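**Student:** turn this into a model:
(one chain, ligands or ions: 1)
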Amino acid sequence: MRDVLPPESMRMRAATGVFADVVTRAGYGEVAPPLLEDIGVFARLGDGTDVVTKEMYDFVDKGGRHIALRPEQTASVCRLFVEHRPPTPFKAWYAGANFRYEKPQRGRYRQFDQFGVEVLGSSDPDLDVEVIALAHDFYRSLGLTGVEIVINSLGLPTDRAAYTAALGEFCRSRAADLSEAGRDTLAKNPLRLLDSKRSEDRAALADAPPIDEFWSVEAAQHHEHVLQGLTSLGIEFTEDRRLVRGLDYYRLTTFEFRSSALDGAQNAVGGGGRYDGLVENLGGPSTPGVGFALGVERTLLACDAENVFSAPSNAADVFIVDTAGCGDALAMTTELRRSGLRCERAYDARSMKAQMKAADRSGARVAIIVGEHEAQTGTVTIRDMSGATDQQSISRNEAVEYIHRLLNP
Ligand code: AMP
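**Tutor:** This next block holds a predicted model:
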């Protein structure tokens, strides 16, 4: 787990602002589910995924309840949908921390943030296009140009079941060539073998049957509609028949966002797709859903790699230098801050020289000097830190207005 300090913390906040703007324009409302849920909420994601079987932080609370720190937020959004029954389509966005007990490495942490959206209550393929377009627009708004969209369809649940069976049979006939971990995966969920990164598994599956041979007419039409929608918006994508999601709830569209600027192993900056059955399983009515989750830290690593979206400046507008120690500095600082300026000051009655150094470091364009002489004459001295104009003495009463005019001519 990481500590996030300025300026990275400001950058994360700014990225949240960009994401909120993009999705709010599309009618999504923010939801903030708790960090903890009853473990049953996540257990319903199924046992086909490490996220649920191996990586959850869970504990028994003082009331004897079995609780988990959320490893993702789709299940939480479905749980809150069941509890509050908002009108459909329910279009929600979220930003916040998730916890997974994974092996930490660059781009993979045990606490990480995600931005995401979920739409519950509509199976319109235009929504698949909409959510992909929103993620695309968000990346573009950050300035990223190297994010590729990879897309596939898992077909309807019956297509997917038929495919899983056929793939299982194929893989069992090649079991001897699989890695040991691969054989384990085969026993649990053959679909997950498709995205195995191990070279033995990849070789063994080289001529595995492709999923599109199992698509029903309805699934093929849905997929075609999504691809045409993306094309009509000028959004580029590539198709990958091996892109699957392990969870039993996924159906039809699945997609992933990959940054070409990041290392292969951790290049996924986000992913999502259609799912159903999750709301029903949590006690609600049968409800289709579609959404995505983007990894915030990894997206910012991609920004580093592409040299875009640097941290916003935290430079002060004004710095107060106080050598009088009579309370004027405190008053001025407060007044300037209340007037909307970013105002910093020195503390501990340090020397003029030390305070001027601090003023320099603060990035302020203007320093206001409050010394003995100024305090006695009801004035302040204004110093342009760039040295472009001469130092000025002005009346204390006019100082705030003067500074505003100076900074925003
Ligand atoms: P997932 O919820 O597993 O589909 O992940 C969606 C996105 O979240 C991934 O594409 C990553 O960008 C990000 N992500 C997942 N796990 C981690 C992690 N442990 N650390 C950092 N980012 C992660």
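**Student:** who touches the closest residue to the ligand within the stretch 201-350 of the chain in this structure?
**Tutor:** Closest to the ligand within the stretch 201-350 of the chain is residue 295: 2.2 Å, counting by CB to the nearest ligand atom. All C-beta spots, glycine's among them, are computed from the backbone N, C-alpha and C. By CB atoms under 8 Å, 6 or more residues apart in numbering, the contact list for residue 295 reads 107, 112, 113, 114, 268, 269, 270.
**Student:** and it, what are its bridge partners?
**Tutor:** Counting by DSSP bridges, residue 295 forms beta bridges with residue 114.
**Student:** and the ligand, which of the contacts of residue 295 reach it?
**Tutor:** When CB under 6 Å from any ligand atom is applied, the members of the contacts of residue 295 adjacent to the ligand are 112, 114, 268, 269, 270.
**Student:** can I get those in JSON lines with distance to residue 215?
**Tutor:** Shown next, in JSON lines, are these (distance: CB to CB, whole Å):
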{"residue": "112", "distance to residue 215": "34"}
{"residue": "114", "distance to residue 215": "30"}
{"residue": "268", "distance to residue 215": "24"}
{"residue": "269", "distance to residue 215": "27"}
{"residue": "270", "distance to residue 215": "25"}
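**Student:** sort out for me which of those residues are in strands.
**Tutor:** In strands, judged by DSSP state E, the following of those are found: 112, 114, 268, 269, 270.
**Student:** and the host helix or strand of residue 333, what other elements does it pack with?
**Tutor:** Residue 333 belongs to helix 328-338 when assigned by DSSP states H and E. Helix 328-338 makes packing contacts with strand 318-322, strand 343-345, strand 366-370, helix 399-407 when contacts are defined by 3 or more CB pairs under 8 Å, 6 or more residues apart in numbering; DSSP states H and E.
**Student:** flag every buried residue along that helix.
**Tutor:** 328, 329, 332, 333, 336 (16 or more other CB atoms under 10 Å).
**Student:** again with stretch 121-137
**Tutor:** For stretch 121-137, burial by neighbour count (16+ other CB under 10 Å) applies to 121-123, 125, 127-137.
**Student:** for the protein, what lies in contact range of the ligand?
**Tutor:** Residues of the chain lying near the ligand by CB under 6 Å from any ligand atom: 72, 100, 102, 108-109, 112, 114, 268-271, 293, 295, 297-298.
**Student:** kindly write the ChimeraX command that selects the buried subset of those.
**Tutor:** Entered in ChimeraX, the line below selects the buried ones among the residues of the chain next to the ligand, by 16+ other CB under 10 Å:
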select :72,100,109,112,114,268,269,270,271,293,295,297,298
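**Student:** which among the residues of the chain next to the ligand gets closest to residue 169?
**Tutor:** Each of these was scored against residue 169 by CB to CB, and residue 271 proved nearest at 27.6 Å.
**Student:** helix, strand, or coil at the closest residue to that closest one other than its chain neighbours?
**Tutor:** Once flanking residues are discounted, residue 271 sits nearest to residue 256: 4.2 Å by CB to CB, 6 or more residues apart in numbering. Of the three states, residue 256 takes strand under DSSP: H, G, I helix; E, B strand; the rest coil.
**Student:** ok, residue 256 - contacts?
**Tutor:** 149, 150, 243, 268, 270, 271.
**Student:** where's the first one, which helix or strand?
**Tutor:** Read it as residue 149. strand 147-153.
**Student:** can you pull up the bridge partners for the residue nearest to residue 255 when sequence neighbours are not counted?
**Tutor:** Counting by CB to CB, 6+ apart, the nearest residue to residue 255 once its immediate chain neighbours are dropped is residue 151, at 4.5 Å. Listed by DSSP bridges, the beta-bridge partners for residue 151 are residue 239, residue 255.
**Student:** and the closest residue in space to residue 175 that isn't next to it in sequence, which of the three is it?
**Tutor:** Once flanking residues are discounted, residue 175 sits nearest to residue 183: 5.9 Å by CB to CB, 6+ apart. When classified by three-state DSSP, residue 183 comes out as helix.
**Student:** tally of neighbours for residue 183?
**Tutor:** Residues within reach of residue 183, counting by other CB atoms under 10 Å, total 16.
**Student:** residue numbering should commence at 6 henceforth.
**Tutor:** Right, with 6 as the first residue, what we last looked at is residue 188.
**Student:** surely it and residue 179 touch.
**Tutor:** No. Counting by CB atoms under 8 Å, residue 188 does not reach residue 179; the two are 10.2 Å apart.
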